[in-house]
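>>> Please find the sequence and the predicted model below.
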Amino acid sequence: MISYMAKKSKARGGKKKRKTARPPQQRPAATRPVTDVAVETPQPVTTRQTKAPVRTAEPKLDFAREYGYVYSDLKRVGIIAAAMLVLLVILAFVIT
């Protein structure tokens, strides 16, 4: 029988030990040998000219038709906000 459950960890008792600081390690010297070679001159970069990709005409989208539901939602939110504002004004006169 194969068990797929993780083993239980043993509870650590007592105080936690403080880690001691390690002395700083020195990094090895650069591996690139230093020679008395003249400074290399940069090579000219040649670029290959390519033709620009041809754009095909995309069909025009009718945003009013595509996002009609957004317009109706905005209209509904506007009506509700206006009604709440009118209600607040009326309550301000009635309460005071």
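Received the coordinates, thanks. From a predicted model like this one, the values you see are computed outputs, not experimental measurements. Residues are numbered from 1 along each chain as shown.
>>> the longest helix in this protein is where?
Determined from DSSP state H, the single longest helix within the chain is helix 68-95.
>>> Quick check: the gap between Ala52 and Thr46.
Ala52 is 19 Å from Thr46, where distance means CB to CB, to the nearest Å. (Glycine included, C-beta is placed from N, CA and C.)
>>> ditto for Lys75
Lys75 is 60 Å from Thr46, by CB to CB.
>>> quick one: average pLDDT of the longest helix of the chain?
Average pLDDT, helix 68-95: 95.
>>> coming back round to it: which residue of Lys75 and Thr46 possesses the greater neighbour count?
Lys75 (10 against 5; other CB atoms under 10 Å).
>>> and Gln43, what pLDDT?
For Gln43, pLDDT reads 74.
>>> Tell me how many other residues surround it.
Gln43 has 6 neighbours, counted by other CB under 10 Å.
>>> And for Tyr67?
Tyr67: 13 neighbours (other CB under 10 Å).
>>> got the contact list for it?
With CB atoms under 8 Å, 6 or more residues apart in numbering as the criterion, no residue contacts Tyr67.
>>> and it, how far is that from Asp73?
10 Å.
>>> next one: Pro23
From Pro23 to Asp73 the distance is 67 Å (CB to CB).
>>> These two: who's more crowded?
Legend: neighbour count by other CB under 10 Å for Pro23 and Asp73, higher for Asp73 (11 against 6).
>>> export stretch 58-69 as PDB, just CAs?
Extracted in PDB, the C-alpha atoms of stretch 58-69 (Å, rounded to 0.1, in the frame of the first residue of the first chain):
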ATOM      1  CA  GLU A  58      -9.900  46.300 -41.300                       C
ATOM      2  CA  PRO A  59     -13.600  46.500 -41.400                       C
ATOM      3  CA  LYS A  60     -15.000  49.500 -39.500                       C
ATOM      4  CA  LEU A  61     -16.700  48.500 -36.300                       C
ATOM      5  CA  ASP A  62     -20.000  50.000 -35.300                       C
ATOM      6  CA  PHE A  63     -19.400  50.800 -31.700                       C
ATOM      7  CA  ALA A  64     -23.000  51.800 -31.000                       C
ATOM      8  CA  ARG A  65     -24.100  48.300 -32.100                       C
ATOM      9  CA  GLU A  66     -21.200  46.400 -30.500                       C
ATOM     10  CA  TYR A  67     -21.400  48.200 -27.100                       C
ATOM     11  CA  GLY A  68     -25.200  48.800 -26.900                       C
ATOM     12  CA  TYR A  69     -25.400  47.100 -23.600                       C
END
